[in-house]
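Asks: Quick one, structure for this:
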Amino acid sequence: MTDLSLGLHLGYWGALPQPNLVELTQEAESLGYDSVWVAESWGNDCFTPLAWLGANTSRIRLGTGIAQLSARTPASCAMATLALDHLSEGRMILGLGVSGPQVVEGWYGQPYSKPITRTREYVDIIRKILARKEPVTSDGEFYPLPYSGTGSWGMGKSLKSIVHPLRSDVPIFIGAEGPKNVTQTARIADGWLPLYYSPYRPEVYSDQLTDAKPGFEITATVLANVDDDLSRALYPVKAMLGFYIGGMGSKDKNFHRDLMARMGYPDEAEEIQELFFAGKKDQAIEVVPDKFADEISLCGPVDRIKEKLYDWKKSPVTSLLINGDANLLRKMAELAL
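Replies: Have a look, this model is predicted:
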């Protein structure tokens, strides 16, 4: 049985920063939470808030959840990681992910081709930079170092980081959904950040995790909602699923829809997307099965959540990331820690 830890997931900002980011993170640290995570999409970046939070805490680990590959080159990402790990005295976790084609091509202006290959090259370069054993070279398709392609002046040279890393083995986690991406994550990363994980369906991922090394962490974001009315408690989960499965992707390419199908709900996933594209968002949410929403969340009365936590502890998941106010953080700490 797994000794589950808890983390705080702050997500990404809306129109403005959350007003109590520091206080909430300090509360999580005092309650024994292991980590805090900040996301980025097409607004705030994830490193700057983590630096602010790190300056106002002393123990809690600091994770990017996730840093988008297209937002920065591998070298730039490694520099930010190296700096934040020093400033936080070794608390950094680098969470990476490719994001989706809508963001990569629409916001970053880059092609979304070969995401698995790009991820592998990206991680390899970062590990070389952090190891600081020799000047960094890469003959990969996406991030050649030194660069000698179109427009090159031919003056690039291999370099080694000026700054010595505090840790050459900063943990690298990857947010992955597709089977090939999860399989690669188990091989090249120190941890995995699944989008949806059900402790009741370990077979969905078991074959993809066989190559994970000892100590591999699985850090799952779980929506928690304490409410004696289970249907009411599940509604925010269903709304989230309806948005991701229905609206985050195109009709032909939607990784979230495909994942729901692999988890046993292919017909419902297809209907959710059809309704969402037809502008019937409320109906799309209603189609999300309560059972599916319940499997991947911690919702309902306190005693029920406590029972479900036992199921999570029997799964391969090592940490649950919670998003909520201080009252929810305290309640989850009472139940899980």
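Asks: which residues does residue 273 contact?
Replies: Applying C-beta atoms under 8 Å, 6 or more residues apart in numbering to residue 273 gives the contacts 245, 246, 251, 254, 257, 284. Every residue, glycine included, has its C-beta placed from N, CA and C.
Asks: name the element residue 294 belongs to?
Replies: Per DSSP states H and E, residue 294 falls inside helix 290-295.
Asks: Let's have the contacts of residue 273 in CSV, adding distance to residue 300 and pLDDT.
Replies: Converted to CSV, the contacts of residue 273 look like this (distance: C-beta to C-beta, whole Å; pLDDT from 0 to 100):
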residue, distance to residue 300, pLDDT
245, 22, 89
246, 25, 84
251, 34, 72
254, 29, 79
257, 26, 88
284, 23, 91
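Asks: Can you select the buried ones among those residues for me in ChimeraX?
Replies: Applying 16 or more other C-beta atoms under 10 Å to the contacts of residue 273 leaves a buried subset, and the ChimeraX line that selects it is:
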select :245,246,254,257,284
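Asks: Now, the contacts of residue 273 that are in helices?
Replies: The helices, defined by DSSP state H, take in 245, 246, 257, 284 from the contacts of residue 273.
Asks: doesn't residue 279 make contact with the second one?
Replies: No. Counting by C-beta atoms under 8 Å, no contact exists between residue 246 and residue 279, whose distance comes to 10.4 Å.
Asks: Go through stretch 212-232 and flag the buried ones.
Replies: For stretch 212-232, the neighbour count (16+ other C-beta under 10 Å) marks 212, 216-227 as buried.
Asks: Run through the residues that contact residue 1.
Replies: Taking C-beta under 8 Å, 6+ apart as the test, what residue 1 contacts is 313, 314.
Asks: ok, the closest residue to residue 66 other than its chain neighbours - contacts?
Replies: Setting aside the residues directly before and after it, residue 66 is nearest to residue 97 in space (C-beta to C-beta, 6 or more residues apart in numbering), at 3.7 Å. Contacts here follow C-beta under 8 Å, 6+ apart; on that basis residue 97 touches 66, 67, 68, 69, 174, 175, 176, 193.
Asks: Go through those and name the one nearest residue 330.
Replies: Nearest to residue 330 among the contacts of residue 97 is residue 193, at 24.5 Å by C-beta to C-beta.
Asks: Many thanks, we can stop here.
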